[in-house]
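**Q** using only what follows, build the 3D model:
(chains A, B, C, D and E)
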Amino acid sequence: MDEGYERIEGVDVGQYVGYRFFRVDPAWRRLPVDERRAGKDAFADVVEEFAGRMEGLRVYSTVGVRPETDLFFWSITPRYDDLLELGAALNGTPLGAWLTTPYSYLGTTKPSAYTDKKRIRQGRVAPRNAPYLVVYPFVKVRPWYFLPFEERAAAMREHAELGARWVTITNHTTYSFGIDDQEFIPAFETEEPADFMHLMMRLRESEASRWTERDTPIFVGKLVDVRDALDALDGAITALPDASTLYTAPDGTHYPAPTR
Amino acid sequence: MDEGYERIEGVDVGQYVGYRFFRVDPAWRRLPVDERRAGKDAFADVVEEFAGRMEGLRVYSTVGVRPETDLFFWSITPRYDDLLELGAALNGTPLGAWLTTPYSYLGTTKPSAYTDKKRIRQGRVAPRNAPYLVVYPFVKVRPWYFLPFEERAAAMREHAELGARWVTITNHTTYSFGIDDQEFIPAFETEEPADFMHLMMRLRESEASRWTERDTPIFVGKLVDVRDALDALDGAITALPDASTLYTAPDGTHYPAPTR
Amino acid sequence: MDEGYERIEGVDVGQYVGYRFFRVDPAWRRLPVDERRAGKDAFADVVEEFAGRMEGLRVYSTVGVRPETDLFFWSITPRYDDLLELGAALNGTPLGAWLTTPYSYLGTTKPSAYTDKKRIRQGRVAPRNAPYLVVYPFVKVRPWYFLPFEERAAAMREHAELGARWVTITNHTTYSFGIDDQEFIPAFETEEPADFMHLMMRLRESEASRWTERDTPIFVGKLVDVRDALDALDGAITALPDASTLYTAPDGTHYPAPTR
Amino acid sequence: MDEGYERIEGVDVGQYVGYRFFRVDPAWRRLPVDERRAGKDAFADVVEEFAGRMEGLRVYSTVGVRPETDLFFWSITPRYDDLLELGAALNGTPLGAWLTTPYSYLGTTKPSAYTDKKRIRQGRVAPRNAPYLVVYPFVKVRPWYFLPFEERAAAMREHAELGARWVTITNHTTYSFGIDDQEFIPAFETEEPADFMHLMMRLRESEASRWTERDTPIFVGKLVDVRDALDALDGAITALPDASTLYTAPDGTHYPAPTR
Amino acid sequence: MDEGYERIEGVDVGQYVGYRFFRVDPAWRRLPVDERRAGKDAFADVVEEFAGRMEGLRVYSTVGVRPETDLFFWSITPRYDDLLELGAALNGTPLGAWLTTPYSYLGTTKPSAYTDKKRIRQGRVAPRNAPYLVVYPFVKVRPWYFLPFEERAAAMREHAELGARWVTITNHTTYSFGIDDQEFIPAFETEEPADFMHLMMRLRESEASRWTERDTPIFVGKLVDVRDALDALDGAITALPDASTLYTAPDGTHYPAPTR
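**A** Residues are numbered from 1 along each chain as shown, chains lettered A, B, ... in the order given. Predicted structure coming up:
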């Protein structure tokens, strides 16, 4: 942890990973149905266009559960300005005139200092398209950073080993130091939200948990097609089927995953 | 507390228990009475439809007491997506275009680690349809989780024994670790809010109380028919009678309970 | 403090004491004067009707002083549902369509654990109709509750004795454990707000003060007729005379009090 | 500090000192220019009328600097109800229908417990009409109040002596215990905001600074004529000249002060 | 650190450095395109006019990333009232009727107490026009100010030496004691936001980091032409090119910098 650092031109900066949360103004629901339909279509068109040029752009619905959000994006791209450009393009859609963004989190990937596992060293976020995603901003208390490195590494090993027992839960944590209001953005794919509750309750007794400053708000989203997420905003659909779009994960598998 | 965990397909995940709080935009009260009536009817129809397919969907009024909410739902279902679908369906009603949800809490059931009483081991929430419900989000300080297990168990036994003296108060606490911003959602049915004040004042001196990080906001709701809760929003009724709907509790008793 | 508790049917639960704060949407001031007048009259009619059936319902103006409230109610009633019903009735008035309630506090009376003075043992709130009321939510730090009972009693005696030197200030504290976000709602009648500042500055050095977790926001209201409080909302009056309504205090004296 | 206290009829309660912050709804800027002009004139008329009957009523602009306020009042009066009546009168102006008050602070004067300097013992706020005013709410940590009186007096003497080196900065601190959410309202007149930054940076190392619980938000206002402050709300003027009104300070000097 | 201070007439007070954040009301996007275009043009005209009379006025876009802001200004001027006048002038534009300012930070320059490096002693902020700026408010815990001066100086030297290894990152920290809600406003120019993440993660283990009270919210902006920043508000452009305006940095170089 002590070596200097100098960015070398041409070396990959890693991925920028954004979680952006949207809430529609309730007054939008009073518009004529055709106007709402056109607004949703234009918004979905932009999302689908950017999904084709970014490494990942998935949509999760929080309708009926979180109090202050309706849906969120999970965006993955090596190019920071993709996030700006997506924002500008959505501002140009009719639905963009009725949306606010109560939260938005920005992380980036880097090799973990505490492990030599290949996937984590590689520092790439690779979604497996599970039906639910749990995500939250995370800050440790400052004294953590003054523990001896070996103590921290041991605590993180215990943490990782406990987490690994929950084989249905996949970790996609990224780093936000200095570029957003938290230090980390833990994110977890799971087949069932209650599974994650059991994992987190168990982790409360792990050493790493002792050094937590803040780990809320916690969001649970369901992976859905963007058009379904939008149709849930005004009850145009009242069921939220699993996402049908065929996503290609970095390891080459297609969504929906065969193990579900 | 030390064994591994692996979700087994087909095993019940327990119940999801949601508390969702609604507030109507004051401007809604300026609409013509017929438009308000139609909006309330459509909303109530959705609630009654979902009450028939979920394990429980009760409505509590907070009108005139809490500053930022008008009513809330107590939802119980083994299927997470029921909560999403209820949200989407309400978005499609005219009243949904005038509502915000200042708070929303999500918990799930699991066996308690500290007791072997059958009802709690079973981990099911079973409302008894008392006229008032007190509910709040709850977080313990992290050092609690590093006390020896026996110390924690003793503190929780003292806590439970004190609580049991208030025979008119029924506990329905659920677990939120990792799936919402609190760790627990304590919820208590009671015949009279002042009873619960006396219980909580007494518990301040119990050992478990010492380890509290946060236990607010605290909501007191009155169980009412959904149509009465909605009519209180614009003064269409000015009294809030006890709920008349016949609810069937999981143990087979009907509401209104005979002991009242 | 160690005996069990069981509510016995028919025994008085004490008084529910509510403080409910209102703020009018500034846009309401743009309505035609007749429409505003009608809205204020209907609101005042409801207040006067409920004042006749509750133990107390007084109106205090905060116009021009607090940043986020215009007026508040001090409500006293043995019946919890009176608060709900008052809320529903106000929702039915035209002014109710332009009001929000930035704060609302709920307390209840009980005998104090620290004194045997008759008035306090009796546990009844008895306003004396002084021109100003100071009220705020209050929470003690948890370690207070683990001090030996005698230490707490001594601290509270010192506190009460200091307070008693300010003979023009009357204490009406109620209890909120478990039914609202604070533990206590101290409330004080006074002839002059500056008197209360002197008392509170002096109390900073008393032992009880050391154990304070939170004692804000602090509200100072002036007791006025409800119609005057409403007329101050749009400048229909620019002076706020003392309340002229003859209130009967529980000890039989009438307002305005002869000692003023 | 140990003597009793009893307000004696007829004895001056000191001054009430209010700082009230205003923000105009941006939508007000969309009104026709004549309507805006009339609204500003009526508002200014009220301010000028009350300036004539209160001990002081000055207007400070924060346009372009603070995020959430446009201007604030510094009000000084021995009569509490003047503040209510000013509020009611402003509610009756057309501009009052577009204003909110994000903050409002109330203090009162009293003799300081830590000094026998005549001006402070006298306990009167006497503005000298410097071009800038810095004001903020201030709370000390509770253990401060349990230090021996001599330690506190010594810390306050050091604090005052350091402050006195900045000869261009005038202190007008008032007391808010029990009548507002802070304990003190420090307020400082200065010729140049950067001067005050240097003073406060230096004071960070003084003993009194160690016992600070909260000293934000901090407001810097420029003393201007009320009509100029209002014209800055919609760009009717784009410069903010020094106040031209001749204010008479309590020591008989006139504004603008000859030393500027 | 112990010498007295007295402002001497005619001596430069240093620069005032402001960061002002804007958010457009989503409803603005519903206006006719011509009306939006005219509003943006008038706003840009004001910015360009003030850029010509201030030491610096740069515009950064945060569209699509921060949840609550769309763009921000970095303003540099020796004259405090320039900030007020810019605010008033923007209030006079049609776009000003749809903007709020969720945040605004004010700093000023002074010689650092911990170094004798010439550029810092000089206390001038000199932008180099890098494509990204990271800025945040910063407060240290009070005990920091009671450490021996040498300990603090050593911690700041370590901090500066670590920072200097990131040769692509330029520090422009200013001072806010007493004139805004933070103590410092760190601001950093960088070629790539991820570079700054690596620097800040490394600094977590430096001694100075231990004494942090608050260092959020953290804003990352992209330097763009003001007209591009405004066109991103309604999707009139969906790309955000580097700023094309030729800025002259204080050392005489022109933007875009030749080293990019």
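**Q** so which residues of the stretch 151-260 of chain A form strands?
**A** Taking DSSP state E, counting those that start in this stretch as the criterion, the stretch 151-260 of chain A contains strands spanning A:170-171, A:174-175, A:184-185, A:187-190, A:212-214, A:219-224.
**Q** report the outermost residue of chain A with respect to its centre.
**A** Using Cα atoms, centre = their mean, the residue of chain A lying farthest from its centre is A:P32. It sits 32.8 Å away.
**Q** can you tell me how far it sits from E:I237?
**A** Noted for A:P32: a distance of 29 Å to E:I237, by Cβ to Cβ, to the nearest Å. In short, each C-beta sits where N, CA and C put it, glycine included.
**Q** for A:G107, same thing?
**A** A:G107 is 27 Å from E:I237, where distance means Cβ to Cβ.
**Q** of the two, who's got more company?
**A** Shown here are A:G107 and E:I237; by other Cβ atoms under 10 Å in any protein chain shown, A:G107 has more neighbours (31 against 19).
**Q** let me see the contact set for that one.
**A** Going by Cβ atoms under 8 Å, 6 or more residues apart in numbering or on different chains, A:G107 touches A:16-18, A:174-176, A:179-180, A:184-185.
**Q** and the residue of the stretch 51-200 of chain A nearest chain B?
**A** For the stretch 51-200 of chain A, the residue closest to chain B is A:G64, as judged by Cβ to the nearest Cβ, at 1.9 Å.
**Q** residues touching the closest residue to A:P241 other than its chain neighbours, list them.
**A** What sits nearest to A:P241 in space, not counting adjacent residues and going by Cβ to Cβ, 6 or more residues apart in numbering or on different chains, is A:D228, at 6.6 Å. When contacts are counted by Cβ under 8 Å, 6+ apart, A:D228 touches A:61, A:237, A:240-241, A:243.
**Q** tally up the residues packed near the residue in the stretch 101-250 of chain A that chain B sits nearest to, please.
**A** Nearest to chain B in the stretch 101-250 of chain A, going by Cβ to the nearest Cβ, is A:G235, at a distance of 1.8 Å. Other residues within reach of A:G235, judged by other Cβ under 10 Å, total 19.
**Q** any regions of the stretch 51-200 of chain A where pLDDT drops low?
**A** Residue ranges of the stretch 51-200 of chain A with pLDDT under 70: A:111-123.
**Q** now do the buried residues in the longest helix seen in chain A.
**A** What stands out as the longest helix in chain A, according to DSSP state H, is helix A:33-53. For helix A:33-53, the neighbour count (16 or more other Cβ atoms under 10 Å in any protein chain shown) marks A:36, A:39-40, A:42-44, A:46-47, A:50-51 as buried.
**Q** counting contacts, what elements does it pack onto?
**A** Applying 3 or more Cβ pairs under 8 Å, 6 or more residues apart in numbering or on different chains; DSSP states H and E, one finds that helix A:33-53 makes contact with strand A:56-61, helix A:80-91, helix A:226-231.
**Q** minimum distance to D:A153: which of the ones you listed has it?
**A** Nearest to D:A153 among these is helix A:80-91; the distance by Cβ to Cβ comes to 56.2 Å.
**Q** give me the neighbour count for the residue nearest to A:G221 when sequence neighbours are not counted.
**A** Computed as Cβ to Cβ, 6+ apart, the closest residue to A:G221 that is not its neighbour in sequence is A:Y60, at 2.7 Å. By other Cβ under 10 Å, 23 other residues sit near A:Y60.
**Q** A:Y60 touches A:W74, doesn't it?
**A** Yes: checked against Cβ atoms under 8 Å, the pair A:Y60 and A:W74 is within contact range at 6.6 Å.
**Q** shared neighbours, those two?
**A** Taking Cβ under 8 Å, 6+ apart as the contact criterion, the common neighbours of A:Y60 and A:W74 are A:L133.
**Q** and stretch A:76-87, what's buried?
**A** Residues A:76-78, A:80-87 are the ones in stretch A:76-87 that count as buried (16+ other Cβ under 10 Å).
**Q** and those residues, which is closest to chain D?
**A** Checking those one by one against chain D (Cβ to the nearest Cβ), the nearest turns out to be A:G87, at 21.5 Å.
**Q** ok, the closest one - contacts?
**A** Counting by Cβ under 8 Å, 6+ apart, A:G87 has contacts E:63-65, E:232.
**Q** switch to 7 Å and redo it
**A** When contacts are counted by Cβ atoms under 7 Å, 6 or more residues apart in numbering or on different chains, A:G87 is found next to E:63-65.
**Q** how about the residue of the stretch 51-200 of chain A closest to chain B, secondary structure?
**A** Secondary structure, DSSP: H, G, I helix; E, B strand; the rest coil: A:G64 is coil.
**Q** what's around it, how many residues?
**A** Residues lying near A:G64 (other Cβ under 10 Å) number 25.
**Q** is it in contact with B:Y80, as I believe?
**A** No: the criterion here is Cβ atoms under 7 Å, and A:G64 misses it with B:Y80 at 10.1 Å.
**Q** ok so, going back, what distance do you get for the residue nearest to the residue of the stretch 51-200 of chain A closest to chain B when sequence neighbours are not counted to B:R20?
**A** Nearest residue to A:G64, sequence neighbours excluded (Cβ to Cβ, 6+ apart): B:G87, at 1.9 Å. As defined by Cβ to Cβ, B:G87 lies at a distance of 8 Å from B:R20.
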